[in-house]
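Peer 1: I would like to see how this sequence folds:
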Amino acid sequence: STTISMQRHQTDAAWRIMQEGGGGLFHTVGAGKSGTMAAVAMEMRRTGLARKPMIAVLKATLPQWRREFLKFYPGARVLVAGEHDFSPRRRKRFLNRVATGDWDAVIITHDHLQRIPVSKERIRDFFGKQLREIVEIGKQLLITRGALTTFSIANDVAKYFAIIPAMFVATYPELAALNV
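Peer 2: Now for the predicted structure:
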């Protein structure tokens, strides 16, 4: 919108979410979370980082989200999940609308998000990526621990980073292929 400008903390938060590919906003009431998320969704779509940004919100705030989003981006195509859109009978139809529509943003509740099925392969890929990142951080901490202090918390954290992946592999043998 040409009549609304974002505050510095909003642009900072939007930039960080864009850089990290997602995130959460936990600012106080009235700090501009809705506008920030609307900006992130539209920018991610504009830059090609996301085709259909999905925003998960508290159930109590769902009714105001479309209104707030359109206040910042009056011409946006926004799909908001209704109260019954995720009932067993209607969930597939709603998800088909998400998949086939040209939406600038899709807004659902946290509860709705938990009801969207995720394939085992996608879960494995996600956790594999997270596990590899944990291992890399642990390796960096182990390499640099001497530069800190002998009895620092960083040393303890580094040890846990080295142990935790092994625990995951013991529980989920298919992760052994990640070679962590």
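
Peer 1: Spatially central residue for the protein, please.
Peer 2: residue 22 (3.8 Å; CA atoms, centre = their mean).

Peer 1: In three-state terms, label it for me.
Peer 2: Following DSSP: H, G, I helix; E, B strand; the rest coil, residue 22 is assigned to coil.

Peer 1: how near is it to residue 55?
Peer 2: Applying CB to CB, to the nearest Å, the value for residue 22 to residue 55 is 10 Å. C-beta: built from backbone N, CA, C; applies to glycine.

Peer 1: Output the longest helix belonging to this structure.
Peer 2: Once the chain is assigned using DSSP state H, the helix that runs over the most residues is helix 120-144.

Peer 1: which other helices and strands contact it?
Peer 2: Packing partners of helix 120-144 (3 or more CB pairs under 8 Å, 6 or more residues apart in numbering; DSSP states H and E): helix 153-171.

Peer 1: Report the mean confidence score over the helix it packs on.
Peer 2: Helix 153-171 shows a mean pLDDT of 62.

Peer 1: from here on, count from 28
Peer 2: Yep, numbering from 28; the last one is helix 180-198 now.

Peer 1: Alpha carbons of the helix or strand where residue 39 lies, as PDB, please.
Peer 2: Element membership of residue 39, judged by DSSP states H and E, is helix 35-47. Only the C-alpha atoms of helix 35-47 are listed here, as PDB (Å, rounded to 0.1, in the frame of the first residue of the first chain):
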ATOM      1  CA  ARG A  35      12.500  -0.400  11.100                       C
ATOM      2  CA  HIS A  36      11.900  -3.500  13.300                       C
ATOM      3  CA  GLN A  37       9.400  -4.800  10.700                       C
ATOM      4  CA  THR A  38      11.800  -4.400   7.800                       C
ATOM      5  CA  ASP A  39      14.600  -6.000   9.900                       C
ATOM      6  CA  ALA A  40      12.300  -9.000  10.700                       C
ATOM      7  CA  ALA A  41      11.200  -9.300   7.100                       C
ATOM      8  CA  TRP A  42      14.800  -9.300   5.900                       C
ATOM      9  CA  ARG A  43      15.800 -12.000   8.400                       C
ATOM     10  CA  ILE A  44      12.800 -14.300   7.500                       C
ATOM     11  CA  MET A  45      13.700 -13.800   3.800                       C
ATOM     12  CA  GLN A  46      17.300 -14.800   4.500                       C
ATOM     13  CA  GLU A  47      16.400 -17.800   6.500                       C
END
